[in-house]
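Colleague: No letters, just coordinates:
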């Protein structure tokens, strides 16, 4: 199936939320860029979904949890959906475990009337739930027993991202139907590329609707009977490559799964529509490193191409500026002169020089991003001295984000 034509990039006119002019992040020596107003974002009752996206290892899970906690303690009824296999979210929220069922987070300040639930995507359980909801019990048993389905639901490339979209659709429907939540915060999968979250649903649904699948499903009657000889040749060729049993498993799976094909594509398109609606806000998460900011730039541009609402950028683990005074070069020279005579002072001078060098490098990288994307509001979070491991440290992160 040919990919859908995409509109021309609209990055320059991409709408953003909650920005106002301020001096740029880090030390203030950057050009003026808009600031991401976190409290305005989570306080906007028109925003019902916040999607935190970015490359792996930049703090998406921590950002999602901190946003959810701050929103809950400011009166929102929040559910945080994480797809992080490291399970850091459960630990930081004081939960012994997270699974496919939203669980209330204890010790959230209820003074403002908000609440916080958290859950972790169980990819296979979500896929099984979809089958059970849209197939007869007999068909569901056939699908669950099929080896091809077992592989598809647990390890097929893109399944995790697709099931994240499925779960988001389920949570959104439940929120509208019951009023249990008025804000969903999504921590996107730790994919190699941040763009996989947007691409995977179409890839998977295109695969399930693909030409080969349809050929395997087509009955040998009517006009299709003229293709029987060609189909036999195709089948023989595929059998030589993947083996006869694998091909039979695929054919059996396709026959049982046929009634669900259209539903997969319809739900993917509906969730995609919700993501483009103004009730959704995308927060791109990055760290002040070249690869992370490059991925963030790709995502900002892709959101612009798709017309999706971008809230802004959260820049994590920023090195705070060293105290003004001696330059890095002078500090290193002084440390060299002191040598072994004053090792403590020499060590402090080297640490000072290292911090200045890191700050300068991060400033350069962030300045390049801001120059290329001057319309993107930014919030910065300084590097913490310890890991985020409880609600209090999450509060510190959210306070820094909103400062």
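Modeller: On my side now, so go ahead. It should be emphasised that the depicted structure is a prediction, and the values quoted were computed from it without experimental measurement. Residues are numbered from 1 along each chain as shown.
Colleague: List the buried residues for stretch 45-53?
Modeller: 47-53 (16 or more other CB atoms under 10 Å). Placement of C-beta: from N, CA and C, glycine included.
Colleague: swap in stretch 357-377?
Modeller: The neighbour-count check on stretch 357-377 (16+ other CB under 10 Å) flags 357-359, 362-363, 365-367, 369-370, 373, 375-377 as buried.
Colleague: From those, which land in helices?
Modeller: In helices, defined here by DSSP state H, the members of these are 357-359, 362-363, 365-367, 369-370.
Colleague: now, among the residues you listed, which is nearest to residue 150?
Modeller: The nearest member of those to residue 150, counting by CB to CB, is residue 369 at 43.0 Å.
Colleague: and the end-to-end length of stretch 82-100?
Modeller: This stretch, stretch 82-100, spans 10 Å end to end (CA to CA, to the nearest Å).
Colleague: go on, stretch 182-199?
Modeller: 27 Å.
Colleague: shouldn't residue 180 be in contact with residue 77?
Modeller: Yes - using CB atoms under 8 Å, residue 180 is in contact with residue 77, at 6.8 Å.
Colleague: Show me which of the two is the more surrounded one.
Modeller: Shown here are residue 180 and residue 77; by other CB atoms under 10 Å, residue 77 has more neighbours (17 against 14).
Colleague: The more buried one against residue 115, yeah?
Modeller: Yes - with contact defined as CB under 8 Å, residue 77 and residue 115 form a contacting pair (5.0 Å).
Colleague: can you point me to the longest strand in the chain?
Modeller: Longest strand in the chain, counting residues (DSSP state E): strand 310-318.
Colleague: who does it touch, helix- and strand-wise?
Modeller: The contact analysis (3 or more CB pairs under 8 Å, 6 or more residues apart in numbering; DSSP states H and E) places strand 310-318 against strand 33-36, helix 60-72, strand 280-286, helix 290-306, helix 343-372, strand 378-382.
Colleague: Mean pLDDT and distance to residue 138 added to the ones you listed, as a markdown table?
Modeller: Below are the helices and strands packed on strand 310-318 laid out as a markdown table (pLDDT from 0 to 100; distance: least, CB to CB, whole Å):
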| stretch | mean pLDDT | distance to residue 138 |
| --- | --- | --- |
| strand 33-36 | 85 | 52 |
| helix 60-72 | 94 | 40 |
| strand 280-286 | 96 | 38 |
| helix 290-306 | 90 | 40 |
| helix 343-372 | 78 | 55 |
| strand 378-382 | 92 | 52 |
